[in-house]
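Chemist: Take this sequence and fold it.
(chains A, B, C, D, E and F)
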Number of protein chains: 4
Amino acid sequence: MENRRQEILDGALEVFLQRGFDGATMAAIRERSGASTGSIYHFFNGKAEMAAALLEKATLEWSLRSRDVELGEDAERSIKASVAGFLIWGQENPRLFAFMDDLLARSRVTEDFGPVADMLNSGRRAAGDAYARWVSAKLVQDLPWDVAYALIMGPAYAILRNSAGGRIPDDSVAQIVRSAWLSVRQQ
Amino acid sequence: MENRRQEILDGALEVFLQRGFDGATMAAIRERSGASTGSIYHFFNGKAEMAAALLEKATLEWSLRSRDVELGEDAERSIKASVAGFLIWGQENPRLFAFMDDLLARSRVTEDFGPVADMLNSGRRAAGDAYARWVSAKLVQDLPWDVAYALIMGPAYAILRNSAGGRIPDDSVAQIVRSAWLSVRQQ
Amino acid sequence: MENRRQEILDGALEVFLQRGFDGATMAAIRERSGASTGSIYHFFNGKAEMAAALLEKATLEWSLRSRDVELGEDAERSIKASVAGFLIWGQENPRLFAFMDDLLARSRVTEDFGPVADMLNSGRRAAGDAYARWVSAKLVQDLPWDVAYALIMGPAYAILRNSAGGRIPDDSVAQIVRSAWLSVRQQ
Amino acid sequence: MENRRQEILDGALEVFLQRGFDGATMAAIRERSGASTGSIYHFFNGKAEMAAALLEKATLEWSLRSRDVELGEDAERSIKASVAGFLIWGQENPRLFAFMDDLLARSRVTEDFGPVADMLNSGRRAAGDAYARWVSAKLVQDLPWDVAYALIMGPAYAILRNSAGGRIPDDSVAQIVRSAWLSVRQQ
DNA sequence: GATGAATGAGCTTTCATTCAT
DNA sequence: AATGAATGAAAGCTCATTCAT
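Modeler: Residues are numbered from 1 along each chain as shown, chains lettered A, B, ... in the order given. Here you go, the predicted structure:
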């Protein structure tokens, strides 16, 4: 039955978002989900695996949407949509954003999160391919992808991190979206 | 004697940079520094306090330099110097950058790191004041400071995080520095 | 169907021999045998019962052979055949020997292994009866059976334990077999 | 202070002898010794290390005595004294004998007990050297040491294992001691 | 200033076993 | 006859911190 598994994931998500990865204890997840210790380990091999499962599921929607958009031929529209989509998603899920950020940072140190890192990076790579095509079409500047990525997404990340879950005014969102395009477009 | 205290800080820094905050155990710090448990607690109230002390000291150089520059009247030079300074510092101290990032993220969740957050944010506030003056002087766009900050520093943060300690080419640094200014200058 | 039961026993044997009784987990047995947890508990009441079943089956060949021999009237031939048979069996099944040894030791502490102990001791008791007859016939010394048993089988046990699965030279086997007889024969 | 450490060892010994290695839980040792979990781990790295420490201390007396005797020139006296000493020690410390036997068996499988095995085997090696000298002096048969060891000590081991802590009559002890010598002396 | 013994709550994980289907 | 989800007690061990000396 998928029911129990889902209950566990639901409980785990709450705890992870509230306390972060290290702060989340299996005991808390057990209590929140109502499942027994054994059940949890019946479905998941450990804390890291649960986090990965959650993250995968939770980011699916955003990453799929972004990826679709980015593959278009209209560079300006694609880039603006990506940034706007990310900002909106991040604002709507501030804790999830923080958790993703946490795991991503962790994946640079621990091996436990290789899969997480892979997943989170795959979207970035796909976008890099699209960017290369726009370069060929002389729509954007010929920048190394990591530079272009930093210019496009960096400000969005920064404001999400510093907004701490508070609302970002529409004007600010618009400003950052516009700037992302201006930073990389062909001059 | 300040000697012991310094030995402890030295050992702790190594451990923190190598394993991150949670990964660093007091036992590891004790062994690395050669001090006894008692000594460590004689000088510091706990792990969080040590981390704060370290971070304060470690970021002093950069923050002082940046602050000096930012207070100047030449907006373009100040902003470019800030971004370039941060990029160079981050590249020279990639682990320290990651650690700072870690603590900063943590400070958004746990109360233990209020002082850390205050310290790390004070530089940002000072820069905000300077930005306001530049706005008055019509040197830069009239943006909310958090947006301006995101536009100026966001890309630098992003590329440092994704470079994972590897060298960032001079061209890329130059690109990001230039873009920071272009993003906020008065058009 | 006896098929499933047999598959379980086969898998369990492999696991027991490889990891010993405590080291063998039901999960490992489940995976090795391909049966489900439920199936295993359908056929056996628990780990101890499986071990007992296995041991009974596995030692059958040796014990039957030894018992046949021992019941003969020719004391010298019987004793030498018993020791030689045990040494050969122990050499051919070093892991099984170690497992049997393990269970036997355990049966002296835990009550779970009463049946195991009984089974393993029954052969010894039968031999004791034969010994008593040989005493009456003045073929062997009038020793308490536990002493006689120690003199006859002790060296074989000792060399099997210390050989750790390596080959015991024929000369050594012959030496121990001969000595067993000399230790108890009527002088 | 050596006091706490000793209390822990005392409690641990009781628990180990009563329940064997696997059966002994750290919780039981904690309760029996009156020490806290932290204290136990302050002094010992884990269960295996405690067992090794205990065994070393506990067998010291016997192994030293045996070793002294074995080094003598009088083969008959040395061998008889070794066997008698072992039988007496084993009878006086039946649980310790069983525990030693348990750990020794375990050391053949797990690496955790390398030191234990080394310690327990060192006495055997020393005796092997003495045996070689007796062979040169034509006092005993020219047998491989593992065979000679099996003939000399095997019966003593066997009767100790099967006596299960009960008293072994003096006659039986004498019989086994005498037989040990007869099995290996030069004919 | 300095030591390290002592603490104990809390951690993740294992595992034999039960039971509804 | 068979499945595998579910259980929960228990395990070994970690670790920041306290405190008597």
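Chemist: CA atoms for contacts and neighbours, from now on please.
Modeler: Fine.
Chemist: now A:Pro94, nearest residue through space, not along the chain?
Modeler: Nearest non-adjacent residue to A:Pro94, counting by C-alpha to C-alpha, 6 or more residues apart in numbering or on different chains: A:Gly165, 5.1 Å away.
Chemist: tell me the contacts of that neighbour?
Modeler: Residues in contact with A:Gly165, defined by C-alpha atoms under 8 Å, 6 or more residues apart in numbering or on different chains, are A:91, A:94-95.
Chemist: Next one: A:Gln6 from DNA strand F, what distance?
Modeler: According to C-alpha to the nearest atom of the strand, to the nearest Å, A:Gln6 and DNA strand F sit 9 Å apart.
Chemist: for A:Phe43, same thing?
Modeler: A:Phe43 is 7 Å from DNA strand F, by C-alpha to the nearest atom of the strand.
Chemist: One more: A:Leu87?
Modeler: Counting by C-alpha to the nearest atom of the strand, the gap from A:Leu87 to DNA strand F is 36 Å.
Chemist: So which elements touch the helix or strand where that residue lies?
Modeler: With elements taken from DSSP states H and E, the one containing A:Leu87 is helix A:75-92. The contact analysis (3 or more C-alpha pairs under 8 Å, 6 or more residues apart in numbering or on different chains; DSSP states H and E) places helix A:75-92 against helix A:47-70, helix A:145-163, helix A:170-184.
Chemist: What about the residue nearest to A:Pro94? Give its phi and psi, please.
Modeler: phi 90, psi -10 (degrees, to the nearest 10).
Chemist: what residue ranges in chain A score low on pLDDT?
Modeler: A:1-2, A:61-72, A:108-109, A:111-112, A:114-115 (pLDDT under 70).
Chemist: quick one: the residue in it that chain C sits nearest to from A:Ile8, how far?
Modeler: Chain A approaches chain C most closely through A:His42 (11.5 Å), counting by C-alpha to the nearest C-alpha. Here A:His42 is placed at a distance of 11 Å from A:Ile8 (C-alpha to C-alpha, to the nearest Å).
Chemist: Can you pick out the residue with more neighbours from these two?
Modeler: A:Ile8 (23 against 11; other C-alpha atoms under 10 Å in any protein chain shown).
Chemist: next SSE after the helix or strand where the more buried one lies?
Modeler: Secondary-structure assignment from DSSP H and E places A:Ile8 in helix A:2-23. Per DSSP H and E, the first helix or strand lying C-terminal to helix A:2-23 is helix A:26-33.
Chemist: just checking, what packs against whichever helix or strand comes after that next one?
Modeler: Counting by DSSP H and E, the next helix or strand C-terminal to helix A:26-33 is helix A:37-43. Secondary-structure packing of helix A:37-43 (3+ C-alpha pairs under 8 Å, 6+ apart): helix A:2-23, helix A:26-33.
Chemist: How about the first one and chain B, any contact?
Modeler: Yes - Helix A:2-23 is in contact with chain B by C-alpha under 8 Å from any C-alpha of the partner chain, via A:19, A:22.
Chemist: rewinding a little: mind putting the helices and strands packed on helix A:75-92 into TSV with distance to chain C and mean neighbour count?
Modeler: Shown next, in TSV, are those (distance: least, C-alpha to the nearest C-alpha, whole Å; neighbours: other C-alpha atoms under 10 Å in any protein chain shown):
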stretch	distance to chain C	mean neighbour count
helix A:47-70	20	17
helix A:145-163	45	23
helix A:170-184	54	19
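Chemist: Let's have the ones you listed in a markdown table, adding distance to C:Met26.
Modeler: Shown next, in a markdown table, are the helices and strands packed on helix A:75-92 (distance: least, C-alpha to C-alpha, whole Å):
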| stretch | distance to C:Met26 |
| --- | --- |
| helix A:47-70 | 23 |
| helix A:145-163 | 48 |
| helix A:170-184 | 57 |
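Chemist: Turn those into JSON lines, columns for distance to chain D.
Modeler: Shown next, in JSON lines, are these (distance: least, C-alpha to the nearest C-alpha, whole Å):
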{"stretch": "helix A:47-70", "distance to chain D": "25"}
{"stretch": "helix A:145-163", "distance to chain D": "40"}
{"stretch": "helix A:170-184", "distance to chain D": "53"}
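Chemist: Indicate which one of these is closest to DNA strand F.
Modeler: helix A:47-70 (14.3 Å; C-alpha to the nearest atom of the strand).
Chemist: Tell me who's in contact with A:Ile8.
Modeler: By C-alpha under 8 Å, 6+ apart, the neighbours of A:Ile8 are A:29-30, A:33-35, A:40.
Chemist: Around DNA strand F, which positions in chain A sit nearby?
Modeler: Contact residues, chain A versus DNA strand F (C-alpha under 7 Å from any atom of the strand): A:1, A:3-5, A:35-43.
Chemist: These, buried ones only, as a ChimeraX selection?
Modeler: Restricted to buried positions by 16 or more other C-alpha atoms under 10 Å in any protein chain shown, the ChimeraX selection for the residues of chain A next to DNA strand F reads:
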select /A:5,35,40,43
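Chemist: Between the residues of chain A next to DNA strand F, which sits nearest DNA strand F?
Modeler: A:Gly38 (2.7 Å).
Chemist: domains of chain A?
Modeler: A:1-44, A:56-184 (automatic domain parsing).
Chemist: and the gap between the nearest residue to A:Ala150 once chain neighbours are set aside and DNA strand E?
Modeler: In this structure, A:Ala150 finds its nearest non-sequential neighbour in B:Pro155, 4.4 Å apart by C-alpha to C-alpha, 6+ apart. According to C-alpha to the nearest atom of the strand, B:Pro155 stands 34 Å off from DNA strand E.
Chemist: doesn't A:Phe97 make contact with A:Leu17?
Modeler: No - taking C-alpha atoms under 8 Å as the definition, A:Leu17 is not a contact partner of A:Phe97, at 9.1 Å.
Chemist: about what we covered before: show me how far the helix holding A:Ile8 is from its chain's centre.
Modeler: Relative to its chain's centre, helix A:2-23 lies at 17 Å (C-alpha atoms, centre = their mean, to the nearest Å).
Chemist: List the buried residues for that helix?
Modeler: Neighbour-count burial for helix A:2-23 [16+ other C-alpha under 10 Å]: A:5, A:7-9, A:11-17, A:19-21.
Chemist: Check stretch A:91-101 too.
Modeler: Result for stretch A:91-101 [16+ other C-alpha under 10 Å]: buried residues A:91, A:94-101.
Chemist: will you turn those residues into CSV that also has secondary structure and distance to D:Ala174?
Modeler: Output for those, formatted as CSV (DSSP: H, G, I helix; E, B strand; the rest coil; distance: C-alpha to C-alpha, whole Å):
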residue, secondary structure, distance to D:Ala174
A:Gln91, helix, 88
A:Pro94, helix, 83
A:Arg95, helix, 80
A:Leu96, helix, 79
A:Phe97, helix, 81
A:Ala98, helix, 79
A:Phe99, helix, 75
A:Met100, helix, 76
A:Asp101, helix, 77
